[in-house]
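[1] After the sequence you'll find the predicted model.
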Amino acid sequence: LFYLLAVAVSSESPRLNVVPYPSESLLGSGSSVLNSVFTIDIAECSADCDVLRRAADRYLRIISRPVGSTGMVFRQTIFEDRINASTPTGKSHSLRQMKVVTTGKEAVDLQLGVDESYALEVPGGSSADEVVTLTATTIWGALRGLETFAQLVEYSAEQSERVVNWTPLQIKDSPRYPWRGLMIDSARHFLSVPLLEKTIDTLSAMKMNVLHWHIVDAESFPYSSEKYPDLRTKATYHPSAVYSPDAIKHLVTFARDRGVRVVPEFDTPGHTASIGQAYPELIADCYDWLKSTNEGTLRWPMFNNVALDVTKSETKLFVKSIMKEMSALFSDEYFHIGGDEVDQDCWNAVPSILEWMQQNDFASYNDSTQDWIYDFTALQGSWAGFAQDVTAASSKKAVVWEESFTLGFDLSPDTVVQVWLPDDGTDVLQRIIESGHQVILSNGWYLDRQAPTCTTDVGDCPVHWMWIWTGRDMYHVEPLTPSSSGWTPSEEQAKLILVSGWTPSEEQAKLILGGEAASWGESVDDKNFDSRVWSRVPGVAERLWSPSSLDDDWEIQPRLSVLACQLARRGVQLADTQPAFCDYYDSL
């Protein structure tokens with residue numbers, strides 16, 4: 001007996017405990033038991049085979065955890081049909097080996113658009129075959145298949161064995177979008193290298209392939225520059241709270257081994273107050289103006305309003321040097337140059353900036369009012385052009401926050417625009433796509449936003465008391481249309497649907513590269529990172545990998561609970577989203 005689940009999955013049908021859910025799967029009715037000496041063999045590989053061998057060793061350790069844990073236990077009998085769906089009734093089968101085959105003959109670099117597809121076959125039933133087969137064109141696809149198999153392995157305490165259910169099993173899988181990421185912020189709170197390693201491991205577990213590293217900001221500048229050493233001692237929380245070039249190289253290599261690209265962000269010209277702690281001459285000194293806006297005091301987060309003094313050649317030399325250093329450390333072809341939340345009033349409060357603007361055609365004199373009119377948007381646009389040129393000089397492509405588009409700046413054709421603001425009714429995403437620019441989506445996936453923000457639990461805007469509800473919102477974020485499950489969003493939730501009623505052409509749709517969940521660090525550090533981030537990111541991961549028709553937010557809940565229990569074995573302490581018991585914790 002086989003169950004074909006080409007796209008959709010429901011609580012009434014057999015379900016694989018995999019997140020994100022595979023594109024296509026063919027399920028049997030039996031179960032297969034891993035032999036006590038189960039091995040993973042790289043049968044065919046022509047390029048980057050060391051990466052694949054290391055991955056095989058990692059996953060063999062993951063699936064070879066001590067037997068004796070049952071994993072997730074659900075005791076709410078009223079929900080058991082929904083949670084446990086059904087159980088295999090067919091013949092048990094023995095598995096002794098996995099053979100991994102990559103068919104590509106040349107090395108394929110880990111860059112945007114790399115082939116991550118794979119096919120997985122787990123024998124079962126009356127078959128005499130005891131070998132699991134994983135086939136992929138590239139090693140990067142093989143990595144995704146290894147993760148799927150690791151999630152399929154369940155532990156049976158009753159029989160003291162490791163089991164794969166619903167065999168014989170066939171999976172053909174590939175991602176919906178090529179850019180599936182998480183943005184982290186190491187400037188508001190310094191994040192340790194071990195935590196970043198665990199973050200990369202967890203991204204790979206969720207088949208996400210981009211770590212967008214917002215490494216510096218107004219509060220601190222934890223990047224160790226060779227040319228500007230004072231940043232290390234004066235612009236950080238502590239001289240030890242800094243990332244050395246060796247640490248960055250290590251993390252980039254560590255990430256590549258797991259199929260994760262690391263995209264750095266050096267946000268300018270705003271969010272740069274920390275630079276002024278080491279090199280005050282590079283900053284627009286608008287602190288007196290800031291104090292005047294707050295009864296003479298300067299409080300956090302007002303530092304975010306301080307911008308670079310973009311009129312000075314020293315400032316351009318600084319930014320050019322830092323970006324050149326960073327570009328040499330990060331191997332990805334993309335570099336995020338920021339450009340968001342620039343408070344132009346800061347520039348307006350600095351007389352030397354105004355004088356420079358008068359002399360360099362960024363201001364015009366109004367004879368009738370006998371006053372100067374300053375074009376701060378043109379000044380900011382000029383800086384955006386400079387930053388793109390610096391990026392191109394290092395053979396990188398720029399990524400910018402959406403303001404660089406909405407303010408009308410001249411963007412290079414290959415500049416990627418990251419959409420993060422709630423739509424203001426002007427269909428920003430549609431306009432960006434129609435202009436020909438590629439897009440990354442983050443609107444609706446801001447992990448620091450408890451959406452919707454209501455004060456009453458009535459009507460169309462209920463209070464979202466628990467993680468399950470904000471995760472449900474994020475699971476339903478779609479680029480173009482509402483979800484197809486019959487779920488009707490509230491007015492506030494509907495804002496998470498970025499463009500409604502517009503159908504792009506096939507070529508235009510390809511300009512949506514994917515998206516990123518965003519973890520801003522004002523209240524996130526090593527202590528609470530796992531629970532703040534990973535409780536909701538799995539839903540984002542599934543939205544970016546799995547078919548859009550897979551959108552039942554209740555069906556994913558038990559799979560998330562199983563994932564939480566599995567990842568606890570790997571040291572990831574994400575919060576569960578429903579009542580259950582995970583006895584993996586006993587052995588942590």
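    Structure received.
[2] Tell me where the stretch 151-300 of the chain has strands.
    153-156, 161-167, 169-173, 179-185, 210-214, 261-265 (DSSP state E, counting those that start in this stretch).
[3] which stretch in these is the model least sure about?
    Per-stretch mean pLDDT for the strands of the stretch 151-300 of the chain is lowest at strand 153-156 (a mean of 84).
[4] Longest strand in this structure, please.
    strand 30-44 (DSSP state E).
[5] Whichever helix or strand comes after it versus strand 161-167: what angle between them?
    For strand 30-44, the following helix or strand on the C-terminal side (DSSP states H and E) is helix 49-63. If you take axes from the mean of the first three to the mean of the last three Cα atoms, to 10 degrees, helix 49-63 sits at 110 degrees to strand 161-167.
[6] So what's the gap between helix 49-63 and the chain middle?
    23 Å (Cα atoms, centre = their mean, to the nearest Å).
[7] Pull out the buried residues from that helix.
    Counting neighbours by 16 or more other Cβ atoms under 10 Å, one finds that the buried residues in helix 49-63 are V51, L52, A55, A56, R58, Y59, I62, I63. From N, CA and C alone the C-beta is placed, and that goes for glycine too.
[8] Given the longest strand of the chain, what are its sheet partners and their directions?
    Its sheet considered, strand 30-44 pairs with strand 92-102 (parallel), strand 161-167 (antiparallel) by DSSP bridges.
[9] Mind putting the ones you listed into JSON lines with distance to L441 and mean neighbour count?
    Listed next are those as JSON lines, based on distance: least, Cβ to Cβ, whole Å; neighbours: other Cβ atoms under 10 Å:
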{"stretch": "strand 92-102", "distance to L441": "31", "mean neighbour count": "19"}
{"stretch": "strand 161-167", "distance to L441": "33", "mean neighbour count": "23"}
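[10] can you put the ones you listed in CSV and add distance to F581?
    Rendered in CSV, the data for those read as follows (distance: least, Cβ to Cβ, whole Å):
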stretch, distance to F581
strand 92-102, 26
strand 161-167, 19
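[11] Out of those strands, flag the one nearest S244.
    S244 lies closest to strand 92-102 among the strands paired with strand 30-44, at 34.3 Å (Cβ to Cβ).
[12] Count residues in the vicinity of the nearest residue to T272 once chain neighbours are set aside, would you?
    Distances taken as Cβ to Cβ, 6 or more residues apart in numbering put L308 closest to T272, at 5.0 Å, once the chain neighbours are dropped. L308 has 25 neighbours, counted by other Cβ atoms under 10 Å.
[13] dump the residue contacts of L308.
    Contact partners of L308, counting by Cβ atoms under 8 Å, 6 or more residues apart in numbering, are T268, P269, G270, T272, I275, L282, I283, A284, T315, V319, W383.
[14] Look at the residue in the chain sticking out farthest from the centre and report its pLDDT.
    Going by Cα atoms, centre = their mean, the residue of the chain most distant from its centre is S368, 52.7 Å out. We have a pLDDT of 91 for S368.
[15] How about D309?
    Taking D309 on its own, its pLDDT is 98.
[16] pretty sure it is in contact with W356, am I right?
    No. Look at D309 against W356 with Cβ atoms under 8 Å: they stay out of range, at 9.0 Å.
[17] neighbour count winner among these two?
    Between D309 and W356, D309 has the larger neighbour count (other Cβ under 10 Å), namely 23 against 18.
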